[in-house]
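Asker: Give me the fold of what follows.
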Amino acid sequence: MDEKMKILLCEDDENLGMLLREYLQAKGYSADLCPDGECGYKAFIKDSYDLCILDVMMPKKDGFTLAQEIRVANSEIPIIFLTAKALKEDILEGFKIGADDYITKPFSMEELVLRIEAILRRVKGKKLKEATSYKLGNFTFDTQKQTLTIGENVTKLTTKESELLSLLCTHINDILERNFALKTIWIDDNYFNARSMDVYITKLRKLLKEDPQIEIINIHGKGYKLIVPEAEK
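Answerer: Now for the predicted structure:
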């Protein structure tokens, strides 16, 4: 089962915090809610998160201070600030600290989720670029050269084939959600892009068939799974 992305939500307004947590959970995320900055920092140190949403004005420890402490522990994790303060100076301060986004209250929860999705896609894309090669059974996939090698046979992949195989490789033996793949590579998950992705999946299957242990299977209603026996997840 594909693991849910985990979000640390720090919001001192109890009603808003609970509504946000429930909305994020309804959208498929796992979310921990903290009512103040101290609670937020303890939760961050104790657990592992994919993204932080921090209210700026909180008791015990404000969002800016909490973000600075989080940045010391983890310089890469995405941070979104929520605040009722729309002053230019405050917004600039948030970005100087290392915010990935800054949303002023009141805001649309739907817009917040869209921003979360956009940030997580960028993070995923960055991780794809960092990996240079994958061992897939008897194959070696070089992401920079965009080549798939088995024995003496080297196949040059197209850019889309390489991007899709890279994304599958980051989910080895786990589900790559169809909509996530479409939005990451094609930006839009419309019907025509979906059909295009199906064509590329078919091409990759043909290329990988030389090693019968390696396969790309359909997960009905969800997406695809790249099966690589004994691969580390």
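Asker: Can you mark which positions in the least confident helix or strand in the chain by mean pLDDT are buried?
Answerer: Sorting the helices and strands of the chain by mean pLDDT, DSSP states H and E puts helix 88-97 at the bottom, at a mean of 76. Buried residues in helix 88-97, counted by 16 or more other Cβ atoms under 10 Å: 90-91, 93-94, 97. (C-beta placed from N, C-alpha, C; glycine too.)
Asker: residues in contact with that helix?
Answerer: Helix 88-97 has contacts (Cβ atoms under 8 Å, 6 or more residues apart in numbering) with 56, 64, 67-68, 71, 79, 81, 83, 102.
Asker: rerun that using 7 Å as the cut-off
Answerer: Helix 88-97 has contacts (Cβ atoms under 7 Å, 6 or more residues apart in numbering) with 64, 67-68, 71, 81, 83, 102.
Asker: Would you point out the most distant pair within the residues you listed?
Answerer: Based on Cβ to Cβ, the longest span within the contacts of helix 88-97 runs between Arg71 and Thr83 and measures 17.6 Å.
Asker: Compare those two and say which is more crowded by neighbours.
Answerer: More crowded of Arg71 and Thr83, by other Cβ atoms under 10 Å: Thr83, with 21 against 15.
Asker: Out of the contacts of helix 88-97, which comes closest to Lys225?
Answerer: Once Cβ to Cβ is applied, the member of the contacts of helix 88-97 that ends up nearest Lys225 is Arg71, at 35.0 Å.
Asker: The closest one belongs to a strand?
Answerer: No. Going by DSSP: H, G, I helix; E, B strand; the rest coil, the assignment for Arg71 is helix, not a strand.
Asker: show me the contacts for it.
Answerer: Counting by Cβ under 7 Å, 6+ apart, Arg71 touches 97-98.
Asker: Can you give me the distance of it to Leu54?
Answerer: 11 Å (Cβ to Cβ, to the nearest Å).
Asker: ok, now Asp188?
Answerer: Distance of Asp188 to Leu54, given as Cβ to Cβ: 30 Å.
Asker: Contacts for the helix ranked longest in the chain, please.
Answerer: In the chain, assigned by DSSP state H, the helix with the most residues is helix 109-130. For helix 109-130, contacts defined as Cβ under 7 Å, 6+ apart pick out 5, 20, 23, 27, 50-51, 78, 80, 100-101, 103, 166-167, 170, 183-184.
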